[in-house]
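# Here is my input, please return the structure:
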Amino acid sequence: MLRYYRIKAYLNANHFVVFDGTKGKTHPHTWEFVATVYTKNDNIVKFTDTEKAIMKVFEPYQDRVLNDVDPFSAIIPSLENITEYFASLIAESVRPFDYHLRRFEGSETPVRTYGVRFPEVGDGSEDEDADNVEAALARLEEGSGYKG
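This next block holds a predicted model:
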């Protein structure tokens, strides 16, 4: 059996982007991140333990100008770069609980979301189960009008 959680986290921070050598204005966002983590383990980990580990990842970046904080002092803090960077940190943060990151999405507005998907860990025999979970989530989101 594949057990999973979808956990949302929010990051309140400022950033600016540089396109074609031109620096844009520093502006605020409340980014929303959604992590889908799963386990094949029969031992259920307390939901709050996993959630706390994920929330801790964002603490050093809260209420900051991302461009002033590594790695975003060296790479443009675009939605794509931010999402991919935090996905790698989240994947590491849930590993001690025997959870694996399956999907990670970042939204800078309610209508703009970027996501990454990770393959099943192990022999791949449960990959179809993970795909079925994602398909079920998509059907629920479509039916409810939810797009988070």
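
# got a list of what the residue sitting nearest the centre point of the chain touches?
Nearest residue to the geometric centre of the chain (CA atoms, centre = their mean): Phe104, 3.6 Å. For Phe104, the contact set (CB atoms under 8 Å, 6 or more residues apart in numbering) comprises 33-36, 83, 86-87, 90-91, 115-116, 118. Using the backbone N, CA and C atoms, a C-beta is placed for each residue, glycine as well.

# Mind pulling the model confidence for it?
pLDDT for Phe104: 96.

# And Ser125, by the same measure?
Note on Ser125: pLDDT of 52.

# what about the strands in this structure?
In the chain, the strands defined using DSSP state E lie at 3-15, 18-19, 22-23, 27-39, 100-109, 112-117.

# Please state the offset of the fourth one from the chain centre?
Going back to what we said before, that points to strand 27-39. With CA atoms, centre = their mean, to the nearest Å as the basis, strand 27-39 stands 4 Å off its chain's centre.
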